[in-house]
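*Asks:* Generate a structure from the sequence data that follows.
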Amino acid sequence: MAGVLPSPISQFTLLHYSHDNSITNSKPYSPLSSTCNAKKRSVVCSSSRKGKPGFFDVILDYIEGGPKLRKWYGAPDLNTEDGSILEEVDESSEGDEVRDAVLVTDGDNEIGQTVILSLIIKRIRVKALVKDKRAAMESFGTYVESITGDPKDSTFLKKSLRGVRAIICPNEGFLSKVESLKGVQHVVILSLLSVYRGSSGVQAIMNSNARKLAEQDESMVVASGIPYTIIRTGLLTNDRGDKPGFSFEKGCTVNGSLSKEDAAFICIEALDVVPERGLVFEVVNGEQKVLNWKDQFTRLMEQA
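*Replies:* Predicted coordinates for the structure are as follows:
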């Protein structure tokens, strides 16, 4: 039947599922104005400028409004009988928790949302910090445990980390406020510190606070003793990802750039390769093709 994804769902299934007429009655939802390049990998998007909803827009909208997909996936319906959105169920006590979730520290920005969608496709339990819980619920339904609160509140931070095995930080500012990462097994940071340090004049003034937060985040995770992967990028762009490839040369971030979709993809790939202690590397778009990211991360660890 049109609009029903085959079981089991997988990256391959979603990426090769036709989006021209196969999913119907969808209205465009556009935090991620993108279409999918299925030939390369799970998160490869390009700008959609022909008036048609992007592939990720369609999938997000279908997840938002597709009760059949929800029933197949095993998730409860979003609406109660009176049409109101279900409230988040309280999590189990800390003593009973199972650490199987990945926390995305910014579920509002474009990279964070792309990371979240990739984790959903991989059927990984996702928690996300968001500013608008209702909007997040409408976007991702019950596939994501959306959390709102004051990041300076220790109780809120403790709740955010409950049940979390790994953290993906698509921007700066979260880790510097956390007192303890006890129980977390891996932290992945997307860092623009090289860009901030390379800016000058008015731009340097504008980036001063972000630079301070980025430096604090990196210092905190290094001192924590928890395995970490710090991905230092050049300027982030809206260009199509993986074109033509990548560069990992030291100093490449000074003048280089990286597409946002590539940045999100590398975060997802880094999640599955946990360094013994820590890994810091630079990456921008370049000429090198990466056929196996696990091997690439291994080489980067050896060069560190």
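*Asks:* what's the helix ranked longest in the chain packed up against?
*Replies:* When the chain is parsed with DSSP state H, its longest helix is helix 201-224. Applying 3 or more Cβ pairs under 8 Å, 6 or more residues apart in numbering; DSSP states H and E, we find helix 201-224 packed against strand 186-191, helix 193-198, strand 228-233. Any C-beta I mention is one placed from the backbone N, CA and C, and that applies to glycine too.
*Asks:* Mind telling me which of those the model trusts least?
*Replies:* The minimum mean pLDDT among the helices and strands packed on helix 201-224 belongs to helix 193-198 (a mean of 93).
*Asks:* What's the local residue count around Ser199?
*Replies:* A count of neighbours around Ser199, defined by other Cβ atoms under 10 Å, yields 18.
*Asks:* pLDDT score for it?
*Replies:* What the model reports as pLDDT for Ser199 is 90.
*Asks:* check contacts around it.
*Replies:* By Cβ atoms under 8 Å, 6 or more residues apart in numbering, the contact list for Ser199 reads Met206, Asn207.
*Asks:* Return the distance of it relative to Val254.
*Replies:* Distance from Ser199 to Val254, counting by Cβ to Cβ, to the nearest Å: 11 Å.
*Asks:* again with Lys127
*Replies:* Separation of Lys127 from Val254 (Cβ to Cβ) stands at 35 Å.
*Asks:* And for Ala204?
*Replies:* Between Ala204 and Val254 the computed distance is 14 Å (Cβ to Cβ).
*Asks:* before we move on, what about Leu119?
*Replies:* 31 Å.
*Asks:* cool, and Thr105?
*Replies:* Applying Cβ to Cβ, the value for Thr105 to Val254 is 26 Å.
*Asks:* can you check Asp272 too?
*Replies:* According to Cβ to Cβ, Asp272 and Val254 sit 29 Å apart.
*Asks:* Repeat that for Leu181.
*Replies:* Between Leu181 and Val254 the computed distance is 31 Å (Cβ to Cβ).
*Asks:* Who has more neighbours out of these two?
*Replies:* Neighbour count, other Cβ under 10 Å: between Leu181 and Val254, Leu181 has more, with 18 against 13.
*Asks:* Go ahead and report the secondary structure state at the more buried one.
*Replies:* coil (DSSP: H, G, I helix; E, B strand; the rest coil).
*Asks:* Which pLDDT value goes with it?
*Replies:* pLDDT recorded at Leu181 is 92.
*Asks:* phi, psi of it?
*Replies:* Main-chain torsions, Leu181, degrees, to the nearest 10: phi -110, psi 30.
*Asks:* ok, now Gly256?
*Replies:* Per-residue torsions, Gly256: phi -90, psi 170 (degrees, to the nearest 10).
*Asks:* And Gln303, by the same measure?
*Replies:* In terms of degrees, to the nearest 10, the main-chain angles of Gln303 are phi -80, psi -20.
*Asks:* bridging residues for Ile230?
*Replies:* Beta bridges link Ile230 to Ile189, Val280, judged by DSSP bridges.
*Asks:* Leu258 too?
*Replies:* Judged by DSSP bridges, the bridge partners of Leu258 are Leu236.
*Asks:* what's the burial count for it?
*Replies:* Leu258 has 28 neighbouring residues, counting by other Cβ under 10 Å.
*Asks:* tell me the domain ranges of the protein?
*Replies:* 11-73, 97-303 (automatic domain parsing).
*Asks:* which of those has the lowest average pLDDT?
*Replies:* Note on these: domain 11-73 shows the lowest mean pLDDT, a mean of 42.
*Asks:* which residues does Lys127 bridge with?
*Replies:* With DSSP bridges as the criterion, Lys127 is bridged to Leu103, Glu145.
*Asks:* Spit out the contact partners of it.
*Replies:* Residues near Lys127 by Cβ under 8 Å, 6+ apart: Ala101, Val102, Leu103, Val104, Val144, Glu145, Ser146, Ile147, Ser160, Gly163, Val164.
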